[in-house]
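# here you go, sequence then predicted model.
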Amino acid sequence: MDNIFFVNVSKTPNLKVMVQKLFSHNGDECPEFQSDEEAINHLEQLLNQIGPKPILLILDDVWPGSESLVEKFKFDIPSYKIVVTSRTAFPRFRFRYNLNPLNHEDAMKLFYHSASLQDGSSYIPEEDIEKIVRGCGGLPIALKVIGGSLSGQLPEVWHNTLTRWSDGHSILNLILRCLLVSKKSLEFSTDKIILKDYFLNLGSFPEDQKIPVTDLIDICTELHEPNKDDVHVIANLHELTTRNLASLEMTSKDASKVNNYYNEDFITQHDVLRDLAIHLCSREPITERERLIVDINGNNLPEWWMEQEQQLINARLLSISTDELFSSSWCNIQAPKVEALVLNFHTRKYTIPEFVEKMVKLKVIIVTNYGFFPAELSNFQLLNSLPNLKRIRLEKVSIPSLCSTPVPLRSLKKISLFMCNIGQAFGNSTVQASDSLSNLMEINIDYCNDLVELPAWLCEVLHLKKTQYHQLS
């Protein structure tokens, strides 16, 4: 129904972006709001224009402490209702409905399906299956993940799971206890242990967001499997989906016309599984983690960051996420071993941190703007100092400085631009591609609609093998 509006709230809600998504859902032009109050006023006008038809607004995944946010969506509009989904009940709301766990019969069906078991023909004793299903407490996410982790495993693995079982834990601890059975943390055979790296890398991206498959291709190829191709990465992501550790969303395509085009494909992950990935990444001290995932609210940098002037961060993958209140005022950080850098933000202007200049081992940089409008990206010239940078992916950013300050990226092999403003950057560019981009092999330009024509310097790139350009019609 056209009058059912759905928006995800999540742990760190951005009200202006939420309202912009509601406008987009209705097919209206999305205004740029200067404040939350302006956004709410425009939303009320939009809902009033719908007329006397019933309107349902679903606010999904509302966290404790966000009750006041829900109040802002209350309007005196006839036949207008709000449904809030949350992991906890909010006492101030009069009408509440608690979803019960699955009954035993339904839980058994879901587990059998998730574990790829056939009724009556399983080599796993029915009694063992019953015990595991009861231990999941009727929680669908636990049944799906645990079933997927045990699918195809030997009876000994099932028995080992049972011997380590205990009751009375939160859902995250429940899944943890089932997945941390083996010494390798996740129940992967030796030849599939690489899937653990894929799973942990997913924690580098914000919750409740679709993760572009190309991001995972760039990170996993350079960090873990440099001799593998894109198809191999896709196969591993499919296996994560089979194990219910993520969900791969592939767009339909004509294989005869499109060759290995994944720019419109995404992977999603349940919040609990993202928490699990972050938990597994955080077991070592800050300075010794292979993956360091940093979420910054406002300008409140973590204490360890403020204190680490003399400490070296040894992470190979560094992910930094900031919200709309962040002022781009960076403190120094020493992370010379970083090979993959993921920068996630919501502001209209974003500055690449100065400390990136010293990441001499950096191979992949992914810069993603999760706001609704393209953001101006500055300090792009810092990438000039990175001798090993091979892959750049920019999403929803504007790079006006590229034409005036050409950046020689002689090690760069792939650049991906998604929903970026690049017409000015490329239109008058004086880039000497044969020198500055001497090793570029692939360039992807998707939905960069201000680009009127492809830059002439593309013809000068000697090693270019693949150029993909897609634009909204």
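Here it is on my side, so go on.
# domain ranges for this structure, per the record?
4-84, 104-179, 190-268, 284-470 (automatic domain parsing).
# which stretch among these comes nearest residue 277?
For residue 277, the closest of the domains of the chain is domain 190-268, at 3.4 Å, according to C-beta to C-beta. Just so you know, the C-beta spots here come from the backbone N, C-alpha and C atoms, and that holds for glycine as well.
# give me the distance from the closest one to the chain's centre.
The chain centre lies 11 Å from the centre of domain 190-268; the measure is C-alpha atoms, centre = their mean, to the nearest Å.
# mean confidence (pLDDT) on that domain, please.
Average pLDDT, domain 190-268: 85.
# go on, stretch 4-11?
Mean predicted confidence for stretch 4-11 is 87.
# who's in contact with it?
18, 21-22, 25-26, 55-63, 66, 69, 207-208, 271 (C-beta atoms under 8 Å, 6 or more residues apart in numbering).
# am I right that residue 458 is in a strand?
No: under the criterion used here (DSSP: H, G, I helix; E, B strand; the rest coil), residue 458 is helix, not part of a strand.
# burial of it, as a residue count?
16 (other C-beta atoms under 10 Å).
# my guess is it meets residue 467, correct?
Yes: using C-beta atoms under 8 Å, residue 458 makes contact with residue 467 at a distance of 6.6 Å.
# mutual contacts of these two, please.
residue 443.
# show the backbone phi and psi for residue 221.
phi -70, psi -50 (degrees, to the nearest 10).
# among the contacts of stretch 4-11, which ones are in strands?
The strands, defined by DSSP state E, take in 55-62 from those.
# so in this protein, where's the weakest helix or strand by average pLDDT?
Least confident element among the helices and strands of the chain, by mean pLDDT, DSSP states H and E: helix 171-179 (a mean of 57).
# let me see the ranges of the strands in the stretch 1-150 of the chain.
Remark: strands assigned in the stretch 1-150 of the chain by DSSP state E, counting those that start in this stretch are 4-10, 55-62, 80-84.
# JSON lines for those strands, including mean neighbour count?
Conversion of the strands of the stretch 1-150 of the chain to JSON lines gives the following (neighbours: other C-beta atoms under 10 Å):
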{"stretch": "strand 4-10", "mean neighbour count": "18"}
{"stretch": "strand 55-62", "mean neighbour count": "18"}
{"stretch": "strand 80-84", "mean neighbour count": "15"}
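# select, out of those, the one closest to residue 423.
Between the strands of the stretch 1-150 of the chain, strand 4-10 lies closest to residue 423; by C-beta to C-beta that is 31.1 Å.
# give the contact list for residue 338.
313, 315-318, 359, 361-362.
# show the buried residues in the residues you listed.
The neighbour count (16 or more other C-beta atoms under 10 Å) marks 313, 315-318, 359, 362 as buried among the contacts of residue 338.
# for the residues you listed, which one is nearest residue 107?
residue 317 (36.4 Å).
# identify the bridge partners of that closest one.
residue 291, residue 340 (DSSP bridges).
# how near is it to residue 207?
With distances taken as C-beta to C-beta, to the nearest Å, residue 317 is found 18 Å from residue 207.
# so residue 316 makes contact with residue 340?
Yes: Residue 316 is within contact range of residue 340, at 6.8 Å (criterion: C-beta under 8 Å).
# shared neighbours, the two?
Counting by C-beta under 8 Å, 6+ apart, the contacts common to residue 316 and residue 340 are residue 223.
# phi first, then psi, for residue 445.
phi -130, psi 110.
# that one - how many residues pack around it?
Residue 445: 21 neighbours (other C-beta under 10 Å).
# got the contact list for it?
So residue 445 contacts 417, 422, 451, 454, 468-470 (C-beta under 8 Å, 6+ apart).
# make a markdown table out of these and add distance to residue 84.
Shown next, in a markdown table, are the contacts of residue 445 (distance: C-beta to C-beta, whole Å):
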| residue | distance to residue 84 |
| --- | --- |
| 417 | 38 |
| 422 | 40 |
| 451 | 42 |
| 454 | 47 |
| 468 | 41 |
| 469 | 43 |
| 470 | 38 |
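# could you identify the most distant pair in those residues?
422 and 468 (14.5 Å).
# of those two, who's got more company?
Shown here are residue 422 and residue 468; by other C-beta under 10 Å, residue 422 has more neighbours (23 against 15).
# so that one makes contact with residue 451?
Yes: Residue 422 lies in contact with residue 451 (C-beta under 8 Å); the separation is 5.6 Å.
# show the pLDDT at residue 53.
84.
# that one and residue 74, how far apart?
19 Å.
# what does residue 346 give?
25 Å.
# hang on, the earlier thing: reformat the contacts of residue 338 as a markdown table; add distance to residue 92.
Formatted as a markdown table, those follow (distance: C-beta to C-beta, whole Å):
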| residue | distance to residue 92 |
| --- | --- |
| 313 | 43 |
| 315 | 42 |
| 316 | 46 |
| 317 | 41 |
| 318 | 40 |
| 359 | 47 |
| 361 | 51 |
| 362 | 48 |
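# by pLDDT, give me the weakest of those.
residue 313 (91).
# how about that one, phi and psi?
Per degrees, to the nearest 10, the backbone of residue 313 is at phi -90, psi 120.
# surely residue 469 and residue 454 touch.
Yes: contact status for residue 469 versus residue 454: in contact at 6.6 Å, counting by C-beta under 8 Å.
# which one of the buried ones among the contacts of residue 338 is nearest residue 251?
Looking across the buried ones among the contacts of residue 338 and measuring by C-beta to C-beta, the closest to residue 251 is residue 317, at 26.9 Å.
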